[in-house]
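Novice: sequence plus the predicted model coming up.
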Amino acid sequence: MASTKLHSSLFHPTLRKLQCQEDDEAVQNIPSMPGVARYGLNKLLAHLEPLVEKGLQSILLFGVVEKLPKDATGTTADCATNPVIRALPQLKAAFPQLLIACDVCLCPYTDHGHCGVLTSDGIIDNEPSIKRIAEIALAYARAGANIVAPSDMMDNRIAAIKQTLRDNSLENRCSVLSYSVKFASGFYGPFRDAAKSAPAFGDRKCYQLPPGSKGIAKRAAKRDVEEGADMLMVKPGMAYLDIVKQVKDDYPELPLFIYQVSGEYSMLLNAASIGAFDLKTVLWEVLVGMRRAGADCIITYFTPVLLDWLKE
Ligand SMILES: NCc1[nH]cc(CCC(=O)O)c1CC(=O)O
Ligand SMILES: [Zn+2]
Ligand SMILES: [Zn+2]
């Protein structure tokens, strides 16, 4: 009889949390991204250790929740049991020299899967969205993030994050890398499987940029520079190298990142795996092109492979 009763395990928030632990031992391969996996907390250090030994200097963390509940405001993005917040102190302790960036967004934690908070009629509510995003950035900075990287594309979130970091005396311990020029791209497909972050309805075209536009790309970079972004990003990379050059020409004083996204990874890997071309030759060509266009730093899922090639 007693074992059929559940409420006695649920009346207190901490008791409820005990029921929703993430699987810290899991290593889950991502079918659309061969060679890439999601790592449970207890598998993360062992995964990184050989890479750090090979010269890995920086990582970008994405949290994925499976059991923690998703809701309208993404409460679990910055709760104490969030996987990024739990991982940060362990990573700092194990790899003190590693530069740790954290993706900041609501989409992996909202039940609707959008990157912001929505109004009752289902459109982005910018003010509460940037308030949440700044809170999440603060939580990651407090947990030890060296860089927070907001990927939501809401208006004025850079200013909100910077203000929050200043209010908490963290502005000189945590940089802001803005996903400043992020296009509404089909190349994000595999990532949305991986992060379980596909929107439940609609798309992201009212906050991510139209692929054909140079003008709004310019304005988006300008907005984020004026709000105090420390570093800028163009995303995706390969189909947007003219934009990379444009941003670098406009802001040569700011480090510029390219994010070579999930679909770019899958495309190159799959083409190589059916024998269409040699991966090493083509990947170097793509990365050199990105550097030539003006990228100072490239975020890529090929990093483990590249570290091996650099040793050769
Ligand atoms: N906050 C959204 C986000 N964070 C990372 C990626 C894509 C990364 C990739 O494809 O590798 C996206 C894009 C999206 O789902 O709209
Ligand atoms: Zn998002
Ligand atoms: Zn994101």
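Specialist: Yep, that arrived. Residues are numbered from 1 along each chain as shown. Ligands and ions are numbered 1, 2, ... in the order given.
Novice: now the residue lying closest to L56 once chain neighbours are set aside: phi and psi?
Specialist: Spatial nearest neighbour of L56, excluding adjacent residues (C-beta to C-beta, 6 or more residues apart in numbering): L307 at 6.1 Å. All C-beta atoms are positioned from the backbone trio N, CA, C, and that covers glycine. Backbone torsions for L307, taken as degrees, to the nearest 10, come to phi -60, psi -40.
Novice: for L118, same thing?
Specialist: Torsion angles, degrees, to the nearest 10, at L118: phi -100, psi 150.
Novice: isn't it right up against D111?
Specialist: No: the pair formed by L118 and D111 falls short of the contact definition of C-beta atoms under 8 Å, at 10.2 Å.
Novice: low-confidence ranges in the protein?
Specialist: In the predicted model, the chain carries pLDDT under 70 at residues 1-3, 16-21.
Novice: and the helices in it?
Specialist: Here the chain has its helices, by DSSP state H, at 13-18, 41-53, 83-94, 126-143, 157-167, 189-195, 215-226, 241-250, 262-273, 279-293, 303-311.
Novice: could you point out which of these sits nearest C174?
Specialist: For the helices of the chain, proximity to C174 was assessed by C-beta to C-beta; helix 126-143 is nearest, at 3.9 Å.
Novice: figure out how far that closest one is from the centre of its chain.
Specialist: Offset of helix 126-143 from its chain centre (C-alpha atoms, centre = their mean, to the nearest Å): 14 Å.
Novice: show me what that helix is packed up against.
Specialist: Under the contact definition 3 or more C-beta pairs under 8 Å, 6 or more residues apart in numbering; DSSP states H and E, helix 126-143 sits against helix 83-94, strand 99-104, strand 147-150, helix 157-167.
Novice: chain neighbours aside, what residue packs nearest to the residue most central in space within the chain?
Specialist: Central residue of the chain (C-alpha atoms, centre = their mean): D103, 3.2 Å from the mean position. In space, D103 comes closest to F62 once its chain neighbours are excluded; the distance is 4.9 Å by C-beta to C-beta, 6+ apart.
Novice: contact partners for that neighbour?
Specialist: By C-beta atoms under 8 Å, 6 or more residues apart in numbering, the residues touching F62 are V84, D103, P108, A195.
Novice: quick one, what contacts the residue lying closest to the first one once chain neighbours are set aside?
Specialist: Spatial nearest neighbour of V84, excluding adjacent residues (C-beta to C-beta, 6+ apart): G63 at 4.1 Å. Contacts here follow C-beta under 8 Å, 6+ apart; on that basis G63 touches A77, N82, P83, V84, D103, P108, Y109.
Novice: show me the beta-bridge partners of the fifth one.
Specialist: Meaning D103. The partner list for D103 in beta bridges (DSSP bridges) reads A149.
Novice: ramachandran angles for the closest residue to ligand 3 within the stretch 151-300 of the chain?
Specialist: Ligand 3 sits closest to S151 of the stretch 151-300 of the chain, with a gap of 3.3 Å, by C-beta to the ion. Here is the backbone geometry of S151 (degrees, to the nearest 10): phi -110, psi 10.
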